[in-house]
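Participant: Just the structure for this:
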Amino acid sequence: MAKKRICPKCRSTDVSPDLSAESYGKGSMFNAYKCNKCGYRGEFFPEVDA
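Facilitator: Got it, this is the predicted structure:
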């Protein structure tokens, strides 16, 4: 079954990888995500069944 990441702040599934310069500078570019709904950024975005 497919998995989707959800935002831990607003529970939205509109989440994408965080490719920002800030994320790149911290070295977490490939482990960071951002919520396109509320703007939350971080490394912990749980996965749920789609």
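Participant: Just the terminal-to-terminal distance for stretch 42-50.
Facilitator: Chord length of stretch 42-50, first to last residue, is 21 Å (CA to CA, to the nearest Å).
Participant: Other residues contacting that stretch?
Facilitator: The set of residues that contact stretch 42-50 without belonging to it, under CB atoms under 8 Å, 6 or more residues apart in numbering, is 1-8, 13, 15, 28, 31-33, 35. (Glycine included, C-beta is placed from N, CA and C.)
Participant: Recalculate using a threshold of 6 Å.
Facilitator: Stretch 42-50 is touched from outside by 1-6, 15, 28, 31-33, with contacts defined as CB atoms under 6 Å, 6 or more residues apart in numbering.
Participant: Repeat that for stretch 33-41.
Facilitator: With contact meaning CB under 6 Å, 6+ apart, stretch 33-41 is reached by 7, 9-10, 12, 14-15, 17-18, 45.
Participant: residues near Val48, how many?
Facilitator: Neighbourhood size, Val48 [other CB atoms under 10 Å]: 10.
Participant: give me the element it is part of.
Facilitator: In this structure, Val48 is located in strand 47-49 according to DSSP states H and E.
Participant: from the chain's centre, how far out does that strand sit?
Facilitator: What separates the centre of strand 47-49 from the centre of its chain is 13 Å, taken as CA atoms, centre = their mean, to the nearest Å.
Participant: and Ser12, what is it in contact with?
Facilitator: Contacts for Ser12 were tallied using CB under 6 Å, 6+ apart; they are 35, 37.
Participant: What does the pLDDT read for it?
Facilitator: Per-residue pLDDT puts Ser12 at 97.
Participant: about what we covered before: mind putting the contacts of stretch 33-41 into JSON lines with secondary structure?
Facilitator: Listed next are these as JSON lines, based on DSSP: H, G, I helix; E, B strand; the rest coil:
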{"residue": "Cys7", "secondary structure": "coil"}
{"residue": "Lys9", "secondary structure": "coil"}
{"residue": "Cys10", "secondary structure": "coil"}
{"residue": "Ser12", "secondary structure": "coil"}
{"residue": "Asp14", "secondary structure": "coil"}
{"residue": "Val15", "secondary structure": "strand"}
{"residue": "Pro17", "secondary structure": "strand"}
{"residue": "Asp18", "secondary structure": "coil"}
{"residue": "Phe45", "secondary structure": "coil"}
